[in-house]
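A.B. asks: Fold the stuff below for me.
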Amino acid sequence: MDTLVKENPDAPEGFFESEAAGLRWLAEATEGGGARVVAVIDVSPAHIELERIHAARPTPEMARAFGAALARTHDAGADAFGAPPRGWQGPGFIGKRRQLYATETRWGLFYARERVLPFLEIAEQAGSVTATEARSIRAACELVARGEFDDDQPPARIHGDLWNGNLLWDEAGGVLIDPAAHGGHRETDLAMLALFGAPHLGDIVAGYESVHPLVEGWRERIPVHQLHPLAVHAAGYGRGYGVELADAARRTLALRGR
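C.D. replies: Numbering: from 1, shown residues only. Prediction:
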């Protein structure tokens, strides 16, 4: 098998092991029709060796098949909102930044507390958001934490960092890489795909809903689920993402009571 090795002798403790745990947890769903996941060949504190994916151009048919598979991965479930991959007791990461796990019964409380506010604080310190914008973002987080967007959906087994670059395509279809896997809300992965322009997104959604129809109004809630990735990017990539984060917060607040 052709492989790819990522190495960093100075990687934070648990960094590569966390990636491997997330990939293997997501891959548990593949046998039941879940999304394909890049295979982990070997892992150590300083490296991870993965199956190499040979790129191909995605088609609408491949996108629909991936969407259906992603729904089945989500349906595989998790122990709680914020739960780590089963059996993993180390740290969590998104990119190179640490983020905490949790064991909550309510999605909104976990999401606001562990996925948005910690990165907002970093973004404020970096000057990526103004004081006025930060107040709006915190108000949006309060709305989320109170359960305004909670529903009766159980914790989903989500990728957690599903931007376009972490969805590869080969001749057989879509393949997941580089997750921040945890128990979350199924709309979060779809909102991330929308944020950075996944190819054939409409077909991905159509395939998804052929397996698991989404709760009415999910498109309106996309800004809610984009608060996390925008906060992460505002923390590390500057003012432009801070402006987008503030806009997502305003759109979240506009959904109050709907």
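A.B. asks: residues in contact with Trp169?
C.D. replies: Taking CB atoms under 8 Å, 6 or more residues apart in numbering, we find Trp169 in contact with 55-58, 62, 175. Quick note: C-beta positions are derived from backbone N, CA and C, even for glycine.
A.B. asks: So which of those belong to helices?
C.D. replies: Using DSSP state H, the members of these that fall within helices are Met62.
A.B. asks: Make a PyMOL selection of whichever of the contacts of Trp169 turn out to be buried.
C.D. replies: In PyMOL syntax, the buried subset of the contacts of Trp169 is picked out as below (16 or more other CB atoms under 10 Å):
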select buried, resi 58+62+175
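A.B. asks: Make a markdown table out of the contacts of Trp169 and add pLDDT and distance to Glu121.
C.D. replies: Formatted as a markdown table, these follow (pLDDT from 0 to 100; distance: CB to CB, whole Å):
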| residue | pLDDT | distance to Glu121 |
| --- | --- | --- |
| Ala55 | 95 | 38 |
| Ala56 | 96 | 41 |
| Arg57 | 96 | 41 |
| Pro58 | 97 | 37 |
| Met62 | 98 | 40 |
| Val175 | 98 | 34 |
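A.B. asks: Dump the contacts of Trp169 to CSV, plus distance to Ser44.
C.D. replies: Formatted as CSV, the contacts of Trp169 follow (distance: CB to CB, whole Å):
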residue, distance to Ser44
Ala55, 27
Ala56, 31
Arg57, 34
Pro58, 33
Met62, 34
Val175, 23
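A.B. asks: what's the most distant pair in the contacts of Trp169?
C.D. replies: Largest separation among those by CB to CB: Arg57 and Val175, giving 14.0 Å.
A.B. asks: Show residues contacting stretch 170-178.
C.D. replies: Contacts for stretch 170-178 (CB under 8 Å, 6+ apart): 19, 23, 26, 35-38, 50, 53-56, 58, 62-63, 65-66, 69-70, 159, 161-162, 166-169.
A.B. asks: tell me the contacts of Ser44?
C.D. replies: Contacts of Ser44 (CB under 8 Å, 6+ apart): Phe16.
A.B. asks: Show me which of the contacts of stretch 170-178 are buried.
C.D. replies: Applying 16+ other CB under 10 Å to the contacts of stretch 170-178 flags 19, 23, 26, 35-38, 50, 53, 58, 62-63, 65-66, 69-70, 159, 161-162, 166-169 as buried.
A.B. asks: Narrow the residues you listed to those in helices?
C.D. replies: 19, 23, 26, 62-63, 65-66, 69-70.
A.B. asks: from those residues, which is closest to Arg98?
C.D. replies: Glu19 (13.0 Å).
A.B. asks: Secondary structure class of the residue nearest to the closest one when sequence neighbours are not counted, three-state.
C.D. replies: Distance criterion CB to CB, 6 or more residues apart in numbering; nearest residue to Glu19, sequence neighbours excluded, is Ile48 at 5.8 Å. At Ile48 the chain is in strand, as set by DSSP: H, G, I helix; E, B strand; the rest coil.
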